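Undergrad: Model the following, please.
(2 chains)
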Amino acid sequence: MSDGTPTAQPVLRVRDLRVTFSTAAGPAPAVRGVSFDVSPGEALAVVGESGSGKSVTMLALLGMLPGATVTGSAQYRDTELVGQDPHLLRTLRGAKVSMIFQDPMTSLNPVLTIGRQLSLVMRAHQPQLTKKAAKVRAVDLLEMVAISQPQRRVDSYPHELSGGMRQRVMIAMALANEPEVLIADEPTTALDVTVQAQIMELLDELRVQHQLALVLITHDLGVVAGATDRVAVMYAGRVVEAGAVDAIFHSPGHPYTRGLLECLPRLDTKHPVHASIPGVPASPTSLPPGCPFAPRCKYVLPSCSQAEPDLIPFGDTMVACSVITGVAGTQ
Amino acid sequence: MNAEPILRVTDLVKEFRVRDLGRSAVVHAVSGVSFHVQRGETLALVGESGCGKSTTGRCILRLVEPTSGAVQFQGTDLLQLDHGAMRKMRRNLQIVFQDPQASLHPRLTVRRLLAEPLEVHGFERAAIDDRITELLQLVQLRPEHLDRYPHEFSGGQRQRVGIARALAISPAMLVLDEPVSALDVSIQAEIMRLLIDLRERLGLSYLFIAHDLAVVRQLADRVAVMYLGKIVEIGPAERVYDSPQHPYTQALLSAVPIPDPEVQRTRRRIMLTGELPSPIDPPSGCRFRTRCWRAEQRCTDTEPVLTADTDEHSVACHFPGADRLTAAEQHV
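TA: Predicted coordinates:
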């Protein structure tokens, strides 16, 4: 039985990552001890609602949050990323570890052709590449992400492309320097559902072809079901449940994961969703004592407000809940 | 279904004049849309960005002036009314928008937001206070919420305020324009339940405009699927979901992810190729033909019209039929 633990050597290894912002309302711990691994060719989904810390985790490990305090460890192969020299991070970012974002329109430069932007990305990391060679490679990249008439499109400006095509361009840019890790932050959230299906299929093909380690950040469990091997569910800056995708969907342990799954409307049934999670997601500036999910949890016990539970193996997954894992009864 | 429908839209057209590359051009946003909604019924208008579903909703309330067509609401053609008469009619026909953050005035308290429509429609002071209390109960907000401002609420609570405001003057029908799209999943379900509950309790009719087909399925009696300004398929929800006849409906349904890894791995999916054509220059004949795997010469030459089979299920396609992709089969 596979528990979804990767067998290959992880290419990205994150341990106890913590990110704190200082705000007018005091320190805001947005990420509070997140750990995960991703191996070549594997897809990990990081799932959570707005404010759960899923995007902040990724931005922090890439050194893209200069104002925040970041501790813990994030290793790309043998290189430690946390606290690393910004110059060295810059040589890795966009080269070995790439990221794509939700809204391609705000990530692309509106006044440069997409060919020029692809060329800039390549030449930043490969100075020996001539402009001419870069343009040839740009056309190849556009072809790789299934953009029709790549010879013509390479001279287009972002506004001349549809949303789906722009996201394909972003993927081409992210893959331009043949990265080993691709972090995709809500890559299809701004897209229509038929376009979403195309983009997810493209990411899947590229992952297999190039043995990419893919980290998919999303709020959409439907997308996760078809596209990933393992899932980490985040709440209030921590991973509250992690495991193989089938286990997460078929035998979830954490009350939050169960609640999220019960809330989902399904295309294949007309019955109204009867479950919901009361209250609103916890805010980093006003975390309750103990388990941050306790105020919204239907299984809550008085002991839940005393200590924050650790992520421990339970059933088919890893779960951070003292009620479900039975720790509460033994203490 | 013999009773006079509460809303009947006939051959609705909306064209926007724009300048495209320095030349004057016409965007064909809605191109001859017809449908009706029975009393107490929910019709869902679904489709992807740019299909004209929201413009259709806005034309019905005349928030956007339609180019031509007829909108019969409770027997009156709304497009023939002057401003004063239209305002009176809106007492019975209200709209809820996607983003309550944008549609609620940020500097008015909930009390003021709810009182405003009542004042506009001439309610007495005392009656207004009673009605506000009633409205709060209807949408399950608490009295202490009355003196708060929109920004003090969560997204779900704000949408409750938006719904309460639309219900203030007891309309018979609501146009719901993507009412849950901006909300987190855990909040969506609550608002959907509220809408179902209000429909039962108040006998409301809904025109529910949405892009999320899984959400729509929970409350739609009938579904109309739009593509590039036209309805391509319309019928009872079960028929459209379980045996879609139009190739676009089939592609759209097959693209919606189902939150179950086993189902998702074994499902047959139709990948649409190509891009959505421009509404400035829509394809001749069938507007879907440029992306359709069944298209033949006839689809270029002649536009297919919506044709009903039994059970009021209509399809605008020269080659309609099952593609072995019903929701039930997807499970096998």
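Undergrad: Could you tell me which residues make contact with residue A:94?
TA: Contacts were defined as C-beta atoms under 8 Å, 6 or more residues apart in numbering or on different chains; by that measure residue A:94 touches A:121, A:124-125, A:174, A:177, A:179. Glycine gets a C-beta too; all of them are placed from N, C-alpha and C.
Undergrad: name the helices or strands packed onto the helix or strand containing residue A:142?
TA: Secondary structure assignment for residue A:142, by DSSP states H and E: helix A:131-144. Judged by 3 or more C-beta pairs under 8 Å, 6 or more residues apart in numbering or on different chains; DSSP states H and E, helix A:131-144 is in contact with helix A:114-125, helix A:150-153, helix A:163-175.
Undergrad: Residue B:151: which of these is closest?
TA: Residue B:151 lies closest to helix A:163-175 among the helices and strands packed on helix A:131-144, at 29.5 Å (C-beta to C-beta).
Undergrad: What mean pLDDT does the following helix or strand past the closest one get?
TA: Downstream of helix A:163-175, the first helix or strand assigned by DSSP H and E is strand A:181-185. For strand A:181-185, mean pLDDT is 96.
Undergrad: if we can go back for a sec, neighbour-wise, which of the contacts of residue A:94 leads?
TA: Within these, most neighbours by other C-beta atoms under 10 Å in any protein chain shown means residue A:174, with 25 neighbours.
Undergrad: and the most far-flung residue of chain B relative to its centre, how far is that from chain A?
TA: Residue farthest from the centre of chain B, counting by C-alpha atoms, centre = their mean, is residue B:126 at 35.3 Å. Here residue B:126 is placed at a distance of 35 Å from chain A (C-beta to the nearest C-beta, to the nearest Å).
Undergrad: likewise residue B:142?
TA: 14 Å.
Undergrad: residue contacts, that residue?
TA: residue B:136.
Undergrad: Setting aside sequence neighbours, what's the nearest residue to the residue of the stretch 1-150 of chain B found nearest chain A?
TA: Nearest to chain A in the stretch 1-150 of chain B, going by C-beta to the nearest C-beta, is residue B:48, at a distance of 3.9 Å. By the measure of C-beta to C-beta, 6 or more residues apart in numbering or on different chains, the closest residue to residue B:48 outside its immediate chain neighbours is residue A:192, 3.9 Å from it.
Undergrad: How many residues are close by the one you found?
TA: 22.
Undergrad: Please name the residues that touch it.
TA: Counted by C-beta under 8 Å, 6+ apart, residue A:192 has contacts A:163-164, B:48-49, B:211.
Undergrad: Return the backbone torsion pair for it.
TA: phi -70, psi 160 (degrees, to the nearest 10).
Undergrad: related to what we said a few turns ago, which of the contacts of residue A:192 tops the neighbour count?
TA: Result: residue A:164 is most packed of those (other C-beta under 10 Å), 23 neighbours.
Undergrad: who touches it in this structure?
TA: Residue A:164 touches A:191-192, A:195, A:198-199, B:275, counting by C-beta under 8 Å, 6+ apart.
Undergrad: any weak-confidence spans in chain B?
TA: Applying pLDDT under 70 to chain B flags the ranges B:1-2, B:323-332.
Undergrad: one more time with 50
TA: B:1, B:325-332 (pLDDT under 50).
Undergrad: tell me, which helix in it spans the most residues?
TA: Taking DSSP state H as the criterion, chain B has its longest helix at helix B:185-202.
Undergrad: Show me which positions of that one end up buried.
TA: B:185-195, B:198-199 (16 or more other C-beta atoms under 10 Å in any protein chain shown).
Undergrad: what do you get for stretch A:314-323?
TA: Result for stretch A:314-323 [16+ other C-beta under 10 Å]: buried residues A:314, A:316-323.
Undergrad: any chance of those in TSV, with distance to residue B:91, pLDDT and secondary structure too?
TA: Shown next, in TSV, are these (distance: C-beta to C-beta, whole Å; pLDDT from 0 to 100; DSSP: H, G, I helix; E, B strand; the rest coil):
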residue	distance to residue B:91	pLDDT	secondary structure
A:314	56	94	strand
A:316	56	92	coil
A:317	54	96	strand
A:318	56	97	strand
A:319	53	97	strand
A:320	52	97	coil
A:321	51	96	coil
A:322	55	94	coil
A:323	51	94	coil
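Undergrad: Now the two most distant members of the residues you listed.
TA: Maximum distance among these (C-beta to C-beta): 18.6 Å, for A:316 and A:322.
Undergrad: With distance to chain B added, can I get the buried residues of stretch A:314-323 in a markdown table?
TA: As requested, the buried residues of stretch A:314-323 are exported to a markdown table (distance: C-beta to the nearest C-beta, whole Å):
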| residue | distance to chain B |
| --- | --- |
| A:314 | 20 |
| A:316 | 13 |
| A:317 | 14 |
| A:318 | 18 |
| A:319 | 19 |
| A:320 | 18 |
| A:321 | 17 |
| A:322 | 22 |
| A:323 | 19 |
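Undergrad: would TSV of those residues with distance to residue B:255 be doable?
TA: Output for these, formatted as TSV (distance: C-beta to C-beta, whole Å):
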residue	distance to residue B:255
A:314	35
A:316	29
A:317	29
A:318	32
A:319	33
A:320	34
A:321	35
A:322	40
A:323	38
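Undergrad: by contact count, what packs against the top helix by length along chain A?
TA: In chain A, with assignment by DSSP H, the single longest helix is helix A:193-210. Packing contacts for helix A:193-210, counted by 3+ C-beta pairs under 8 Å, 6+ apart, involve helix A:163-175, strand A:181-185, strand A:213-218, helix A:221-227, helix B:247-255.
Undergrad: what about the helix or strand just after the last one, distance to the chain center?
TA: Looking back up the chat, that one is helix B:247-255. Using DSSP H and E, the helix or strand that follows helix B:247-255 towards the C-terminus is helix B:261-266. In terms of C-alpha atoms, centre = their mean, to the nearest Å, the centre of helix B:261-266 is found 30 Å from the chain centre.
Undergrad: Is helix B:261-266 in proximity to chain A?
TA: Yes: Helix B:261-266 lies within reach of chain A by C-beta under 8 Å from any C-beta of the partner chain, at B:261-265.
Undergrad: Quick check: buried residues in that helix?
TA: Buried residues in helix B:261-266 (16+ other C-beta under 10 Å): B:261, B:263-264.
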